[in-house]
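In: output the structure for:
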Amino acid sequence: MTVLQQVIDRRLSGKNKSIGNRERFLRRFRAQIREAVRRAVAGRSIHDIEQGEDITLPRRDVSEPVFGHGSGGIRETVHPGNRDYVRGDRIERPSGGGAGGAGPGASQDAIGEDDFVFRITREEFMQYFFDDLALPHLVRTQLLPDAPEWKSRRAGFISEGTPTNLHVVRSMRVALSRRIALGGDTRRRLHELELQLAEAMRQTPPMTGEIHALTVQIELLRRRLGKIPFFDPFDLRYRNRVRVPLPTAKAAMFCLMDVSGSMDEARKDIAKRFFILLYLFLKRHYDRTDVIFIRHHTQATEVSEEEFFQSTETGGTVVSSALTLMHQIIQARYPPGEWNIYGAQASDGDNWHQDSAKCRELLTGKLLPVSRYFAYVQVGEEDQNLWEEYTQVQDSSPNFAMRKISDAAEIYPVFRELFKKGVST
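Out: Numbers count the residues shown, from 1 in each chain. Have a look, this model is predicted:
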């Protein structure tokens, strides 16, 4: 009985589009597409960050290599519909020096080519958007009994397995050891008889009867050695692999945003854009990551995602209140031995002078010792007292980084600099 099976591909693909060709194109021009995505980021609003994008690539970047004929030489050509020339006629060389093209002397009516424009999807845009980014110093800290991660690891050799896992060298070594073990006594006896035969043949006159008996025994021993198989199924050895559970990487990211009166709407918008990038990056690349949102003016409060980005509450400035609340939450819910602790703080740097020194003490004494990485972003170019205090922290703490953002176009470059793979602070 013959059973016919039909496979129906229901993946969404536009008319006259090839998924395979598209994937090859994206891989080939990965660098150019990534650069075009970076240029598109600057002109986007907060709510449009996850949409697709029309990508424009210069024609020179997607041109295909071709072979062409140079000027000069002797060649034969065929001119369809020729009425002026016959075989053997010589054609004058065209006047002019080049092989054509849009040079300085080109006609205004010359035909050119536009840049190559195509559209990438939302998923493709986000893939290039966060390419080569990672949380610094992330380590696996805990085994999860309910849904552990597994890794295949080598565990020596076994006598049964699949042909693809056959270890030829180890199998030959076992076969050689078996032949040596089984034929050791026989070879030793054979060597002794061969010495006796040589001694008997040197006697004068030769001892014919003894020589014949020794010859028969030697032949029997050689036959016995010849019956030992060169290779036996028992000799086969296969590579063995076992599955071992791996610790999982759990991370807690604390987002601290200054919403005091000195943070006008433009600066708050820049800070929100930075945290939206961070939030999208974490949710896209990491499954077990908690994001804790903290807003502060004179007092710090843990808020929801919606309140963090949309609330209009404002007031004075006490930055240390946010750092103190972060330390309290870590002690209550996120043991550093089980969680990778991260922090990201955005502020204009305007703070009470005495409180800025307290912020430095909180960072160096309580937060940085239990954190994998802490990034501070100052929204504005002016050197405020908080920036001066944090500069001392940066000089002594390798897991602390600080940058300035004064314009929306600088958000993505600074974000990428802070969370680039292999970042060294």
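
In: what about residue 308, how many residues close to it?
Out: Neighbourhood size, residue 308 [other C-beta atoms under 10 Å]: 22. No exception for glycine: its C-beta is placed from N, CA and C like everyone else's.

In: pLDDT at the closest residue to it other than its chain neighbours, what is it?
Out: Nearest non-adjacent residue to residue 308, counting by C-beta to C-beta, 6 or more residues apart in numbering: residue 293, 3.8 Å away. pLDDT, the model's per-residue confidence, is 94 for residue 293.

In: what strands line up against the helix or strand hosting residue 293, and which way round?
Out: Secondary structure from DSSP states H and E places residue 293 in strand 289-296. Sheet pairing for strand 289-296, assigned by DSSP bridges, gives strand 251-258 (parallel), strand 300-303 (antiparallel).

In: and the residue nearest to residue 308, what does it touch?
Out: Residue 293 makes contact with 255, 257, 302, 303, 304, 305, 307, 308 under the criterion C-beta atoms under 8 Å, 6 or more residues apart in numbering.

In: just the buried subset of those residues, please.
Out: With burial judged by 16 or more other C-beta atoms under 10 Å, the buried subset of the contacts of residue 293 is 255, 257, 302, 303, 308.

In: now those as TSV including distance to residue 220 and pLDDT?
Out: Formatted as TSV, the buried ones among the contacts of residue 293 follow (distance: C-beta to C-beta, whole Å; pLDDT from 0 to 100):
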residue	distance to residue 220	pLDDT
255	88	94
257	94	92
302	92	93
303	94	92
308	93	87
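
In: the strands paired with strand 289-296: which one's closest to residue 225?
Out: strand 251-258 (66.3 Å; C-beta to C-beta).

In: can you name the element that comes right after the closest one?
Out: Following strand 251-258 in sequence, per DSSP H and E, is helix 265-285.

In: mean confidence for that following helix?
Out: Here the average pLDDT along helix 265-285 is 86.

In: tilt between it and strand 289-296?
Out: Interaxial angle, helix 265-285 versus strand 289-296 (axes from the mean of the first three to the mean of the last three C-alpha atoms, to 10 degrees): 170 degrees.

In: from the chain's centroid, how far away is helix 265-285?
Out: How far helix 265-285 lies from its chain's middle: 23 Å, per C-alpha atoms, centre = their mean, to the nearest Å.

In: cool, stretch 374-391 as well?
Out: Centre to centre, stretch against its chain (C-alpha atoms, centre = their mean), the figure for stretch 374-391 is 32 Å.

In: list of residues touching that stretch?
Out: With contact meaning C-beta under 8 Å, 6+ apart, stretch 374-391 is reached by 263, 267, 270-271, 274, 319, 342-351, 353, 356-357, 359-360, 363, 367-368, 399-406, 414, 418-419.

In: stretch 77-89 now?
Out: Looking at what lies outside stretch 77-89 - C-beta under 8 Å, 6+ apart - the contacts are residue 91.

In: buried set for it?
Out: Result for stretch 77-89 [16+ other C-beta under 10 Å]: no buried residues.

In: for residue 403, which non-adjacent residue is spatially closest?
Out: Distances taken as C-beta to C-beta, 6+ apart put residue 414 closest to residue 403, at 4.7 Å, once the chain neighbours are dropped.

In: I'd say that neighbour and residue 407 touch.
Out: No - using C-beta atoms under 8 Å as the test, residue 414 is too far from residue 407 to be in contact (10.3 Å).

In: those two: who's more crowded?
Out: More crowded of residue 414 and residue 407, by other C-beta under 10 Å: residue 414, with 16 against 11.

In: list the contacts for that one?
Out: If you count contacts by C-beta under 8 Å, 6+ apart, residue 414 has them with 274, 377, 403, 404, 405.
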